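Chemist: Provided below are the primary sequence and the corresponding predicted coordinates.
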Amino acid sequence: MAKKRKKKVVRFIYQSVGPLPLRLAGHYAGLPMVFSDASAKRCGGLAAVLFGDTNAEAIITTQSVPLDASNALEFQAALFALSQACKHFPDQSFALFTDNLDTANRLKLAKEQGLARDAELAHGLNQMGMSDGLAQVSICWVKGHSSCRGNTLADQHAAVAAS
């Protein structure tokens, strides 16, 4: 007697109307929001999705880079997103969202303890003209492949940049 195969459960994820789900949107009201993501296919792809506010249209920028380890690509994506945020929102505080927990923790640690412990990050921020480090940046981790529209856009555009 043949074994019965389990039916595949299709899970629908309903995207938020704004860049963030309503439960999170209030925490970042009035701040520009920047979402970063990376993808690895034939090459590496980085994406930054920027929203001036919750009602603004997304500004999407991408970059193809040499293939690297997953966490290294995600960190490069965060630096790319920071550079785009400085370019589009000069002298403003903003919130940076990443779906990579290691990247979020690395940036938070550098913000709390200073850049002396992370020479790569310090060098990247100096090149961007962020001499005060991450003082004006709120760093946030969002669960990947969730209902966050900003993260979904970053996922899609990073994949396109990597192909």
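Modeler: The structure has been received and is ready for your questions.
Chemist: which ones are touching residue 80?
Modeler: Contacts were defined as CB atoms under 8 Å, 6 or more residues apart in numbering; by that measure residue 80 touches 36, 46, 48, 61, 63. Any C-beta I mention is one placed from the backbone N, CA and C, and that applies to glycine too.
Chemist: what would the residues you listed look like in CSV with distance to residue 78?
Modeler: Below are the contacts of residue 80 laid out as CSV (distance: CB to CB, whole Å):
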residue, distance to residue 78
36, 5
46, 9
48, 9
61, 13
63, 13
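Chemist: export these to CSV and append columns for distance to residue 107, secondary structure and pLDDT.
Modeler: As requested, these are exported to CSV (distance: CB to CB, whole Å; DSSP: H, G, I helix; E, B strand; the rest coil; pLDDT from 0 to 100):
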residue, distance to residue 107, secondary structure, pLDDT
36, 10, strand, 96
46, 15, strand, 96
48, 14, strand, 97
61, 19, strand, 97
63, 19, strand, 95
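Chemist: from the residues you listed, which is closest to residue 26?
Modeler: Nearest to residue 26 among those: residue 36, at 22.0 Å, using CB to CB.
Chemist: wasn't residue 20 part of a strand?
Modeler: No: read with DSSP: H, G, I helix; E, B strand; the rest coil, residue 20 is coil and lies in no strand.
Chemist: who's in contact with the nearest residue to residue 155 once chain neighbours are set aside?
Modeler: In this structure, residue 155 finds its nearest non-sequential neighbour in residue 37, 5.3 Å apart by CB to CB, 6 or more residues apart in numbering. Residue 37 sits next to 46-47, 74, 77, 98-99, 151, 154-155, 157-158 when contact means CB under 8 Å, 6+ apart.
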